[in-house]
Structures are given as structure tokens and as C-alpha cells.
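Chemist: Test case, fold it:
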Amino acid sequence: MELNILSNSSTCCSPNDDCCEPTYPVAIIGSGPIGLAAAAHLEKNNIPYFILERGKIASNVQSWEHVQLFSPWEFNVDAAAKSLLEETGWVMPDKKIIPTGKALREEYLLPLSELMKDKIHTNEEVVAITKQDTDKMKSKNREEKPFLIFTTGPLGTKSYKALAVIDATGTWGNPNPAISHGVWLPAELGIASKTQYIIPNVAENKKRYANKRIAVIGAGHSAINSLLQLLAIKEADPETEITWVLRKHRVEDALGGGTSDELAARGELGIQMKQIIDNQVIKVETPFYIQSILDKEEGIFLKDNKKKIGPFDEIIVNTGNRPDFSFHKELRYQVDAITEAVSAIASLIDPNLHSCGTVPAHGEKELRQHEQGFYIVGSKSYGRAPTFLMATGYEQVRSIVAYIAGDIEAALNVKLTLPETGVCHTGIDGCCQ
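Modeler: The predicted model follows:
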């Protein structure tokens, strides 16, 4: 049976009864592209809401503002957000232009956030979500109780009540380790000052990388972005040594769809890297499964079962990201044991089977959790799978908000058109929340 969340938002005996509880707003966690899109759809449906953001507006996007996306503006702007912005006189950028993270934030996300600034609470990190007076074990009257959200920030611990919760925190900032086992070992933690887990802004930190020995670890487009930035440094400072370390058995498998890629910018990266590898401008170590990291006086060494490579002065780890479920512990939620994606969509987005262009449209029905009114959306809904595009998240939240508003037909009518070929990323591997 389909449930309308709004119909369960009050415990009134009658509209004028003193025992009537208030109708609570919807809570959105995260002010990135998907979180703000969810807010835009709630705004369009006149449903009260608020946004909790642990940093500044779209702070994750700001951390990679120097990186160009693969997808043009037409795939990066949500329809409801576009409609709200155009009411203020905002003009959509050329839909065929491919923005940087800086352009995405400054030309789209910040203007959008201005329209809802009185509903955004920045510098408040969510540390726990539960149901009021009800822990995970208790079932009686559970659906009638509001969500209770706890945050920490400069003003200490605060709490909020909500009708529903949309977790759009993404996975960016919660990286996978360099170690091939997938676990964090003390040796890797011990080289934190010489390691970065983002696409570094090499141009602004030239002294850190020029004439250094650098290892870039990872087989995705984030790694390729890092490599291309480092190569620009090497042109000016030829003593810079660059080694690409990846697990794939053939480096060609990491280069994408080339000229047949529907996202031309993504295909171009692979073409550039092939030329660079053919010209032996960088050293490639593949397949190389890092078993241990050694921090010696002469530098950092990486070791697999057969050999040791190094020494290196700097390590850039671009091995993807993973979701943080630590603040969900008192909720009844379920994720796939392998991908850590929302269970019902795991088989739809498995990167072993799909590129983002072959992911079928999905919405509220597939993202629904055991805890009525709780949703994990955006790249976090994909768990560790790096096949996410923002347009996917926009359709997810459109469907969810339609369901919250009681429009079941619109919630079920999910449609999505995505580019095909290669593994789809935004350029920064599942970042965009």
C-alpha cells in the first residue's frame, strides 16, 4: 500500500483539538547540488523544510572548484531549481558549456541557496538521527513520531524535529585508502602530511610538487585529472617524476570511451592519457596491489606481493570514496552488503554491470527505507559505486518530493536521459552532493 507521508505528519484528534501536534518540516542534510535540488522541489510544492550543512554552502564542491566537470550545464541544473532561479531573472549558462566546480558553485548553487537562505543552517554537522523517544528497537507508534536530528557546531549541540529526512551528504571527503585491502592501516595514516585524497590544485601549490617524486594511485578519472595537472608542472620543471599506480591488468581499461564517448570531455581525458603513456612521459605500474606502505628516510615506498616501488616524496590517492553511515545507527535503514548502495538499486548501478548511461531511472519506490520518511539520495545512495551523475540525483529527489506531497503517480513516473559509454563520473568520482 502506498503511504502519503504528509497524511501521517499530525496526531490531531480534530483540526481544533488541543492535543494536535504540529506538522514538522522536511530535513535535508547537505547543501550540495542534490540537497539544494531537493529544497527547490519542496519549495515548488509549498512543503516546509530546512537544510543542515556541516560547512559552508556546497563546501564539497568548493574543495574541487579547480576541476572541470565532464558533463555540460544541461545535465547539471535541476528543473525545479532552474524554474525558481528564472523567476528572479537568472539566466541559464550556455547548456553546451562544461563548467568547472567553481562555476557550478558560483553561477548556480550560490544563487539558488540565496533563495532559501533563511532555511539553511550552516556549520552544523549532523551526528545522529533517531525517532523522538524511540530507539531502533521500539516499533509501537514509531511512524507517528517525528525524526529527531542532533547536530554539533560552534554553538554546541542542537536538535531538530522533522517529518522526513533526505540525506544528501554524498561520499566526498570520506575517501577509500590506498591499501588494496580497503582498510586503513597505521602506516598509511602515518604519512598523512605527504598524502592527499583529493584532486589537488597543483597550480596553486607548485612548490609542493615541482621537481618531486610523486605517485598517483587510482584508475578513475580523478586520477587522470591529477596526472594531467602534474604533467603541466613537469613541463616547466622536468625533474618532476610522476608514477601512475593502478590495479587494472591493462592501463587501457582506465582510459574510457575515447572518441565514442558521448561526454566528449571525458573521452578526451582518456585520449590525452594514452598519448602521454605512449610517449613514456610518466611511469605506469599496473597491475599493482598495494599491500604495505613504508616511510623511510629516503622517501615513501609502496610494496605489493612481488616488488617495492619508490621512493616518493608525495602520494596522491584517488581511489574513490565511500559513504558514512555513522549517524544513521538509530534508524531502520538497509544498504547492500557489497556496494553499500541503497539495497533496491544495488543491482541497477553495480559498476561491474553498468555505466551511468545504462542505469535505469529510479526514484522514491526504489530508495524507500524501512524507516518511513528516511531517504538516502545522490552519490551516497550509490554507496561505493562511482557511476553517479547529478541528473540521476535530481530525478531521485523529484520523485521523493512528489511522494511526500502525495502525488503517487508523479513519484512513480521516473524518467532519466543520461550519456552512454565509459564509466560515468562528474570528473571527481561521485562527489557531487
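
Chemist: Quick check: phi and psi on Glu204?
Modeler: Backbone torsions for Glu204, taken as degrees, to the nearest 10, come to phi -90, psi -10.

Chemist: which residues touch the nearest residue to it once chain neighbours are set aside?
Modeler: Spatial nearest neighbour of Glu204, excluding adjacent residues (Cβ to Cβ, 6 or more residues apart in numbering): His66 at 7.5 Å. (Glycine included, C-beta is placed from N, CA and C.) By Cβ atoms under 8 Å, 6 or more residues apart in numbering, His66 lies in contact with 100-102, 199, 201, 203-204.

Chemist: In ChimeraX, select just the buried ones from those residues.
Modeler: In ChimeraX, a selection of the buried entries from the contacts of His66 looks like this (16 or more other Cβ atoms under 10 Å):
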select :100,101,199
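
Chemist: Just the closest of the contacts of His66 to Ile51, please.
Modeler: Nearest to Ile51 out of these is Gly101 (Cβ to Cβ; 19.8 Å).

Chemist: so the closest one makes contact with Leu69?
Modeler: Yes - the criterion here is Cβ atoms under 8 Å, and Gly101 meets it with Leu69 at 7.2 Å.

Chemist: So which of the contacts of His66 are in helices?
Modeler: Among the contacts of His66, the residues falling in helices (DSSP state H) are 101-102.

Chemist: can you redo the contacts of His66 as JSON lines with pLDDT and distance to Arg250?
Modeler: What follows is the contacts of His66, written out as JSON lines (pLDDT from 0 to 100; distance: Cβ to Cβ, whole Å):
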{"residue": "Thr100", "pLDDT": "94", "distance to Arg250": "31"}
{"residue": "Gly101", "pLDDT": "95", "distance to Arg250": "30"}
{"residue": "Lys102", "pLDDT": "96", "distance to Arg250": "35"}
{"residue": "Ile199", "pLDDT": "91", "distance to Arg250": "24"}
{"residue": "Asn201", "pLDDT": "92", "distance to Arg250": "30"}
{"residue": "Ala203", "pLDDT": "88", "distance to Arg250": "31"}
{"residue": "Glu204", "pLDDT": "91", "distance to Arg250": "34"}
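
Chemist: Let me have the contacts of His66 in JSON lines, extended by distance to Ile120.
Modeler: Shown next, in JSON lines, are these (distance: Cβ to Cβ, whole Å):
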{"residue": "Thr100", "distance to Ile120": "23"}
{"residue": "Gly101", "distance to Ile120": "20"}
{"residue": "Lys102", "distance to Ile120": "20"}
{"residue": "Ile199", "distance to Ile120": "27"}
{"residue": "Asn201", "distance to Ile120": "26"}
{"residue": "Ala203", "distance to Ile120": "31"}
{"residue": "Glu204", "distance to Ile120": "28"}
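
Chemist: Out of the contacts of His66, flag the one nearest to Ile29.
Modeler: Looking across those and measuring by Cβ to Cβ, the closest to Ile29 is Gly101, at 20.7 Å.

Chemist: quick one, helices of the chain?
Modeler: Under DSSP H, the chain gives helices at 33-44, 59-63, 79-86, 101-104, 110-114, 186-189, 206-209, 221-236, 264-278, 346-349, 364-367, 390-404, 408-412.

Chemist: and the last one, average pLDDT?
Modeler: When the per-residue pLDDT values of helix 408-412 are averaged, the result is 96.

Chemist: Stretch 272-285 too?
Modeler: Stretch 272-285 carries an average pLDDT of 79.

Chemist: now Asn141, nearest residue through space, not along the chain?
Modeler: Per Cβ to Cβ, 6+ apart, closest to Asn141 is Thr134, 7.8 Å.

Chemist: now the closest residue to Leu331 other than its chain neighbours: how far from Gly170?
Modeler: Nearest residue to Leu331, sequence neighbours excluded (Cβ to Cβ, 6+ apart): Glu371, at 4.8 Å. Distance of Glu371 to Gly170, given as Cβ to Cβ, to the nearest Å: 20 Å.

Chemist: Could you do Arg398 as well?
Modeler: The gap separating Arg398 from Gly170 is 18 Å, by Cβ to Cβ.

Chemist: out of these two, which sits in the busier spot?
Modeler: Gly170 (30 against 25; other Cβ atoms under 10 Å).

Chemist: pretty sure that one contacts Ala58?
Modeler: No - if you go by Cβ under 8 Å, Gly170 and Ala58 don't touch, sitting 10.6 Å apart.

Chemist: what do those two both touch?
Modeler: In contact with both Gly170 and Ala58: Gly32, using Cβ under 8 Å, 6+ apart.

Chemist: just the helices of the chain: most buried one?
Modeler: Most buried of the helices of the chain by mean neighbour count (mean count of other Cβ atoms under 10 Å) is helix 33-44; its value is a mean of 27.

Chemist: ok, back up a step: quick one: which of the helices of the chain is nearest Tyr289?
Modeler: Closest to Tyr289 of the helices of the chain, according to Cβ to Cβ: helix 186-189, at 14.3 Å.

Chemist: distance between that closest one and the chain's centre?
Modeler: 25 Å (Cα atoms, centre = their mean, to the nearest Å).

Chemist: elements contacting it?
Modeler: Applying 3 or more Cβ pairs under 8 Å, 6 or more residues apart in numbering; DSSP states H and E, one finds that helix 186-189 contacts strand 292-296.

Chemist: In terms of residue numbering, what are the domains of the protein?
Modeler: Domain ranges of the chain: 5-173+321-412, 186-317, per automatic domain parsing.

Chemist: now those domains in JSON lines, with distance to Ser180?
Modeler: Formatted as JSON lines, the domains of the chain follow (distance: least, Cβ to Cβ, whole Å):
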{"stretch": "domain 5-173+321-412", "distance to Ser180": "14"}
{"stretch": "domain 186-317", "distance to Ser180": "4"}
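
Chemist: confidence score at the residue nearest to Thr171 when sequence neighbours are not counted?
Modeler: Spatial nearest neighbour of Thr171, chain neighbours left out: Asn321 (3.8 Å); criterion: Cβ to Cβ, 6+ apart. pLDDT for Asn321: 94.

Chemist: ok, now how distant is Asn321 from Glu340?
Modeler: Per Cβ to Cβ, Asn321 is found 11 Å from Glu340.

Chemist: The two: who's more crowded?
Modeler: Asn321 (25 against 19).

Chemist: That one contacts Thr169, doesn't it?
Modeler: No - using Cβ under 8 Å, Asn321 makes no contact with Thr169, being 11.2 Å away.
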